[in-house]
Structure formats: C-alpha cells, structure tokens
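**Student:** any chance you can model this:
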Amino acid sequence: MSRARPPPLVTGISPKEGAAWTKVTIRGENLGTGPADLIGLSICGHNCMLTAEWMSASKIVCRVGPAKDDKGEIIVTTKSGGLGTSTVSFKLLRPDRIGILDQSAVWVDEFNYYDMRTDRNKGISPLSLRPSNPLGIDIDKGKIPQKDIDQIFPGMSGDFTSENFSATWYLIENHTGSSFDQLKIGANNLKKQATKKNEGSLAYVKGGLSTFFEAQDALAAIHQRLESDGTEKVEGSMTQRLENILNRASDTADTLFQEVLGRKDKADSTRNALNVLQRFKFLFNLPLNIERNIQKGDYDVVINDYEKAKSLFGNTEVPVFKKVYAEVETRIGALRRLLLEKLLQTPSTLHDQKRYIRYLSDLHAPGDPAWQCIYAQHKWILQLMQDCRDEFLSGQRGGVRALDLEGDTRPPTLGRLSHTSSLNRGGSLHSSRPNTWRFETPQLVQFVGKLSDVVIGQLPNFWKLWISYVNGSLFSETGEKSGQVEKSKKNARQRQNDFKKMIEELTNRLVRLIRGALLPTTLPPAELNFYGGWEGKTELTGVWLTQIIHTVRGCHEALSALEIPNDLLQVISDLLLDLRVHCLMMTLLHTTEDVKRLAVKEDWVVDNEGITSLPYHFEQCVVQMLQSFKEPLETKPGEINVLQLDQVQDQAAELIVTIMTAFINCLEQLSMKTDGDIQVSHNISVDLSSPDRFAAAHEDFSPTSEQRLLIILSNCQYLERRTFLNLADHFEKHGFTGTEKITRVSMDAIRELDRKLFEAYIERRADPIAGSLEPGIYAGYFDWRDCQTPSGVRNYLKEALVSIIAVHAEVFTVSKDLVPPVLSRIVTSVADEMCRLMQCVSSFSKNGALQARLELCALRDAVATYINPDSNTSFKLALEALPQLHSGGDKKLLEELLNKFKSSMHLQLTCFQSSNIPLVKR
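**Tutor:** Numbering: from 1, shown residues only. Just a heads-up that it's a prediction; the model follows:
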C-alpha cells in the first residue's frame, strides 16, 4: 500500500562535523508536514528528538548527542512518509579532556566539570583534578573493537567518571598488554591516592606548620618596624629602602627574563592567532568556498554555509570578523544577482524556475522574485507570439513547406477523394492543379500552427508557475503554513487581478494575431498595423480553414485542461465561432467558383440514361463540399451550433442558391456556344452495349449545336428529376435549413432553362420541316383544282416524314425520354402548317380533294403515336376544309393508296410505332 507522501530524504547538514551538543541545521525533502508529523531523528545512531526543532518540510534544527559512532547518517522518520534516507553524513569529533595546566596546540574551552557521582556541578581546583591515568602506569591499549566491548558489557562504560563505570572494561580498553606486576604497581598507586585523600587538608597543614610559624614571625617583625618608622615616605626610611629594593629586584628580573618573556609573548600571540584561525577557519575560508561552490553550481551548500555564518557572525562586533563577513555578504549579493538573472532568463523550464526562486527566497533576496519571474515569462510569451508573426511576414520561412505523407493529418479535400464510377467517366474535377498541391502548406496555416505551438508550449508552464505561487509550493513542496508560504499566498491574493490581466492579454494577443491573418475585417482599423499585414497572401480555401479550426480547437482544449477559467478563454471561443462561420462561407464561395468552371469538364459523352458526366461532377462537388463541413459544423462542448444562427442560415441559403444557379448558368452557356467555341476532346459517342442505342454514330462525328441542346435538355431533366432532390436530402442531413426554398428556386430555374432550350431546339428543327411543305405541295405548278387522279403520296410529304425521322433518330441517340415531347411538338407544327395550307385553298377538284385527303391521312397515320390534342385538332380542321368523299370508289381508292404508302414506307415508319411511349405536353 503506497504512503500518502514520499519518505524523508536528507540532502544536507551544516556543519558537517563537530563535537557532541553541536547545533546543526538539517536540510532535505519531505521532512514532515508539521512538528507533530516528525516522530524520529537520529544522527550517528544517537536519538536527537529531544533537541529537534521542526522548521519546515525542508529544514530541521537540532543538537548532536554523544553518539557511539564517530560518523554516520542522518535519519528522519515521519508519520506521513515513514523511515527516510540520507545522502550526507555527520562526523562526530571526540576531543580528549585537557586539564587547565596541560599544554595544548588548539583552543580549549574552559568549563566546569560535571561530577556524575555527586550529581552536582562544582568548580574544582587544579590540585584536586582527577588524574587522566589513575593507575599511574603506562597505558597499553589493545585492538579489541569497541562494538565487541559494548556487546560484552551492555549498559556499562569504561569512563571512570561515569556512574556506570566498569573496571573490567577500563582494564581491557587501556591495559590489555600490561603485565601482572605492572597491574600490582597500579593497585598500590590507587591505595596511596586513597590514603592521601583520607588524610585530607589537615595532614597538609601539619606537614607545613613550621613554615607557617616562620612566615607569621616575619610578618610580625615587618609590622613592628613599619609602625616605628611611621607611615610617611622619608628618605632613608625602611619603606623607601624596601621599595627601592623591590624595584631593583623587578628590574633585574625583567633584565634576566626579558628575552624569555618576549619569546613567550610572541609564542602566545602566534598560538592565539593560530587558535583563532583554527577555531574560525570556517568564516575565513567562507568567501573562497562560496566562489568555488557557485562555479560548481552547488547553491544548496552556499546557502547552508551562509545561514551558518549569518547566525554566528551576523551581529559580531569584532572588526576582523565584520570585515570577512562583509566580504561574504558581497559574494552572496553577487549570487543573488546571478540567480535572479538565471531566473529571468528565457527560455527556462518550470523546474529550474522553482529551484531559483527557492534559492533566492533562502538567500532573503529583496522584492518578490517569483512575481518577477511571472512578469518576465508573460512578456517573453507575448514577444514570442509577435516574433512569430514578424518572422512569417518577413518571408524568413519561405513560401510553402512540403509535408511528409505520414505527417499529413489534414482532412480529405476534393482532390483527395476517390472518384466514383461516374467521375471516372469524366476525369478528375481538379486535374488543373499541380500534382503536389495537397502537400504544400500555405503560410497562413503554418503561421497559425506555429502560433498555437508557442501558446500550448509556454502557457501551461506559465499557468503552473502561477498556481505554485498561489499555493506556496514554490517555497515548500508540501505547502505547509510557513512564513514564506503565507507571504507568497498574501502576495498572490494581492496580484490576482494583475495575473488575470496577463492571461487576458495573452489570449487576446493570440486571437488578434489570428484575426489579423484570417479575419482582418473583424479588427479595428487602429490594430491592423500591429496585427495585420497579410494582404498579399493567397486567400485560404475551406480545407485549410478547417485545418486552422482544428488547430485552434486543440489550443483551446489544451488551455481548458489547465482549468483556466472559461471567462479568460471566451475570446478564443468567439474566434472559433467566427472561424467556423468564415470557413462555411468561404467554402460555399469557392464551391461556386468551382461549379462555374465545370463547363470545361463537359465531354458530351452520354450514358444509358442520356446524360453526361456533368451532373455527376456537380453533385459530387456539392457532396464533397458538405463532407468538408464535418469538422467546422461539428459542435463541441461549450460551442454554438453555427447553423442555428439566423444570419448564418440566411447567408448560407443564399450562397447555396447561388451555387445551384451557377451550375444552371453553366448549362445555359454551354447551350449557347457555337461550334467554333466548343473544344471537344472526345467525339460524341453512345453506349453501344445497350440494345436500345442508335448505332449510326461514327468516330468522326462531332456534336452539332442541336445535339448539344438535346444533351443539355437531357441533363436538365436529370437535374430536376434526381440531382436536386438528392442534394436537398444531403443539405438536410448536414443540418442546413431552408432546403425547401433552395429546392424551389433551383427547380424553377432549371425548368425555365429547360423550356428555353426546348423551344430553341423545336424552332431549329420544326420550322425547316414546316416551311418545306408549301413549296413541296405546289412544286411543278400543282393545282388542286386541276390535277390527275391520285396514284400515291407525293414526294414532299415523304421528305417531310424523312426529316421527322431524322429528328427522331437525333433525339433518340441522346435520350429516349426526349423523343415523345420533341416529336409531338414537331408533329403539331407540321399539322398546323398543313391545316393552314388546306384552309387557304379556295376550291378543290374531285381528284384534288382525294389527293389532299390521301396526304393528310397518310401523314396523320404515320405520326399517330405522337399526335397530341393540338395536332389532332389541326388534322381535323384540315380534313374538314376538304370536300367530302361520297362515292365508294373514291373511298376504296383512298384506302388502297394509303395501304400502298404504308407498305412502301414500312421500314422508315417503324420508329413511329412504339406503343409504350407516353405523350408529354410541354
């Protein structure tokens, strides 16, 4: 089961060596969340919890106890992290006890010895000091390890001043190699010392009693003599003579011992200086050590040494210490400036920033280094974004950049979509583009990608730095309520609005730079100079705008994942909405231009349904356009459905209608081109695999203007019958509104074009046939009033029928569905002309009436399949204008001649005998 926090880790101790009860500062990581969390602390195996003082999760102060081990680790144990580890060690110094009268080359602190046996502190005179060698014989220490002795005598000690003194331990430790005779001598020495102690001070007084009496007599004689001489200094008095004697004695002593005492004083001065240097070598070496550690980058060591020096000599009044400490402060000041320079240096990682801030905090740097770092990072990110724009505008990145196929994650474009079977017939829609067009990334797309990389790469660390500043983890990993943490939180609360303005400035800069590149009209004129400047760049298509939307969405999602408040990211959401609308409108506009260029794709090759590939090209163009809307129109969480905006709906509907009418105009332009304007890459052909096809087409045949009219008429019918309805379904599936209006307007426009083209074709084909009737009827000075007995249908009518058959063949070659309406109109035109001609004849002879009835009946019966009510009425009126046949012979002759005509023209009239063709009135 994993603990809530990592185990403690000790990474530094200051000082690293010292005698027992030395005060040390322990530094490390995860050293507890509070005083109550610290449950264990040992140095060199000695429990130091009694003197431990918890400062923070990275600092503990305590005193080193009289440990058994000379060198060992520092182990910290906490409730939250358990038993810790250490990367450093402490060396325990064990100086020998030196008496007051003993010579020493090192500084020895004077202190009151502690008598463990009497359990009281007392100052003792030099005469009563316990000897360092109580037995009075040579010490011969053995090589028995200390650990083995500890195991043999647990809880005992070899120190004869200890309450747990063990004589056996003392003998093993100090006299392992001593002989028995030497030990006997040592025992006698102990007895003598004990006897002397028992005699006490009284024996000492008895031994020197005579000396005391002599001194007392001398003092009494001096006293009497002084009283007789008086107390004044009189020349020749005893006092004066005594003073002179003492002065001469002093001068003589000075003369005798001046050189010796000078050497002694000099030696004492030297020894004292060496003692001072030895005792305070830490301070004197500190400036050089600081410089070396700074060069090595061991800033933790510098900080520990500085804190130690500050606690020892910060308030010193000793001039030499003040001078050295001032130099230390100078070096530390330089270190502060160096760390601040590194902190404000860009770019840098979040880890380094936190490290330098902690260093500066431990060094008590003036000001607020953390906020200085945040401010510097803010300015640097802004400059990066602006430099990105300037770099692209200056052309340093070149025009386009080739992308690897594996790395090209852009959405599929029109050129990338696989062609359907219908597209295969007509070739690629975008074949005019170079082969490498899809691998070339426009500068604007590169710019937005680079700008997003800058924001995604830098803003998260910037935000995390602020969060660390707010919760105090810049100074403490666990965020305890230490003085620094509380100060950081207080500063963060005061500067919260300032940081919010920084984030707003960053997001606004990102949005304005993108708007200046893609949506310059949405910026105020005053900001165009700073954010614009892209006027010379090529306008992006919907495909590239879709990629930009994808990039900006990724940027927005990355910033949202940092839990940045939504109100600070609202400008990016607004930008996304405008980009989606812009992508929609630009794609519709570009599709309109693509549709206008579809005319060059017309190859005039008809399929089994009588249409060319052009309607399929158009439908695929629109469908692919709708497919490209998948990502721009997709509504992510927190986004608005673009198609639910009324203004966008209206504009989109208008542009879609424009696309429809653009294609209809394209068809109309194709129909109006002359033969010289048409560059046909393929001769008109038919699908010969169908048994219903007219097989008279040959390879050298090019479409005439009338044939082009028929092909476009067939395409119009297909658009009205299928394409427009299919597109309406596609628009509804993709969420577009107003499809009814789009379909209605498109249907009306295609029907109007169909009507115009149909009338144009009828005019071109019907007028010549109808115009040839009158000259044919009256050829050879024919007269209805004076003509011979009819012998058959005259040639003019046969020629008219052949012309109608030719029209039938021409229409049938393109589309069977066009045959009924076209033939019906032509028959109507011919019938109207025959009716007019018959009604214009003033009188008929018998033979003339029979001839006229024969030709009218032959024409009517030949085209009976395509007679509509109008043409039927014309035939009736024409027959009514003729005299009626009364004799049976005339009727019989009429029937025979009609049968003869039908028999002779049977093959030609076969095309008119399709009984399943419905008549269509146009």
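**Student:** same question for the strand or helix carrying Asp390, mean pLDDT?
**Tutor:** Using DSSP states H and E, Asp390 sits in helix 369-393. Per-residue pLDDT over helix 369-393 has a mean of 88.
**Student:** and that helix, how far out from the chain's middle?
**Tutor:** 17 Å (C-alpha atoms, centre = their mean, to the nearest Å).
**Student:** buried ones in that helix?
**Tutor:** Using 16 or more other C-beta atoms under 10 Å as the burial criterion, the residues of helix 369-393 that qualify are 369-378, 380-381, 384-385, 388-389, 392-393. Using the backbone N, CA and C atoms, a C-beta is placed for each residue, glycine as well.
**Student:** and that helix, what does it pack onto?
**Tutor:** Applying 3 or more C-beta pairs under 8 Å, 6 or more residues apart in numbering; DSSP states H and E, we find helix 369-393 packed against helix 319-344, helix 350-362, helix 443-471, helix 483-494, helix 496-518.
**Student:** please parse the protein into its domains.
**Tutor:** 9-92, 139-179, 274-341, 785-911 (the TED database).
**Student:** and those domains, which one averages the lowest pLDDT?
**Tutor:** Note on those: lowest mean pLDDT is at domain 139-179, with a mean of 77.
**Student:** tell me how far that domain is from the chain's mean position?
**Tutor:** A distance of 71 Å separates the centroid of the chain from that of domain 139-179, by C-alpha atoms, centre = their mean.
**Student:** same question for stretch 625-633.
**Tutor:** 24 Å.
**Student:** what's in contact with it?
**Tutor:** Stretch 625-633 is contacted by residues 411-414, 417, 542-543, 545-546, 549-550, 579-580, 583-584, 587-588, 591, 641-643, 730-731, 734-735 when judged by C-beta atoms under 8 Å, 6 or more residues apart in numbering.
**Student:** helices - which of those land there?
**Tutor:** Residues of the contacts of stretch 625-633 located in helices (DSSP state H): 542-543, 545-546, 549-550, 579-580, 583-584, 587-588, 591, 730-731.
**Student:** from the residues you listed, which is closest to Phe282?
**Tutor:** Phe282 lies nearest to His550 out of the ones in helices among the contacts of stretch 625-633, by C-beta to C-beta, at 62.8 Å.
**Student:** skipping adjacent residues, who's closest to that closest one in space?
**Tutor:** Glu631 (6.2 Å; C-beta to C-beta, 6 or more residues apart in numbering).
**Student:** count the residues that sit near Ser250.
**Tutor:** The number of residues packed around Ser250, counting by other C-beta atoms under 10 Å, is 10.
**Student:** how is Met55 assigned, secondary-structure-wise?
**Tutor:** Following DSSP: H, G, I helix; E, B strand; the rest coil, Met55 is assigned to strand.
**Student:** verify the stated contact: it with Leu38.
**Tutor:** No. Using C-beta atoms under 8 Å, Met55 is not in contact with Leu38, being 10.4 Å away.
**Student:** the two: which has the busier surroundings?
**Tutor:** Taking neighbours as other C-beta under 10 Å, Met55 and Leu38 compare with Leu38 leading, 21 against 16.
**Student:** mind checking what secondary structure the nearest residue to that one once chain neighbours are set aside has?
**Tutor:** Residue nearest to Leu38 in three dimensions, not counting chain neighbours: Gly32, with 4.4 Å by C-beta to C-beta, 6+ apart. Put simply, Gly32 is coil when judged by three-state DSSP.
**Student:** got a list of what Gly32 touches?
**Tutor:** With C-beta under 8 Å, 6+ apart, Gly32 has these contacts: Pro8, Leu38, Trp54, Ala57, Ile60, Val76, Thr78, Lys79, Ser80, Gly81.
**Student:** so the residue nearest to His550 is in which element?
**Tutor:** With DSSP H and E as the criterion, Glu631 is inside helix 630-633.
**Student:** just checking, what packs against the helix or strand following that helix?
**Tutor:** Next along the chain after helix 630-633, taking DSSP H and E as the criterion, comes helix 646-672. Using 3+ C-beta pairs under 8 Å, 6+ apart as the contact test, the elements touching helix 646-672 are helix 570-596, helix 614-628, helix 705-718, helix 739-771.
**Student:** deepest of those helices, which one?
**Tutor:** Ranked by mean neighbour count, those are led by helix 705-718 with a mean of 23 (mean count of other C-beta atoms under 10 Å).
**Student:** can you pull out the helices in the stretch 751-900 of the chain?
**Tutor:** Along the stretch 751-900 of the chain, the segments classed as helices by DSSP state H, counting those that start in this stretch run 773-777, 795-814, 819-840, 846-862, 869-880, 888-904.
**Student:** can you give me the end-to-end span of stretch 763-778?
**Tutor:** 24 Å (C-alpha to C-alpha, to the nearest Å).
**Student:** closest to Ile172 out of the contacts of Gly32?
**Tutor:** Among those, and counting by C-beta to C-beta, the member closest to Ile172 is Val76, at 36.2 Å.
**Student:** quick revisit: make a markdown table out of the helices of the stretch 751-900 of the chain and add distance to Val320 and mean neighbour count.
**Tutor:** Converted to a markdown table, the helices of the stretch 751-900 of the chain look like this (distance: least, C-beta to C-beta, whole Å; neighbours: other C-beta atoms under 10 Å):
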| stretch | distance to Val320 | mean neighbour count |
| --- | --- | --- |
| helix 773-777 | 139 | 16 |
| helix 795-814 | 116 | 20 |
| helix 819-840 | 121 | 22 |
| helix 846-862 | 138 | 21 |
| helix 869-880 | 131 | 17 |
| helix 888-904 | 144 | 14 |
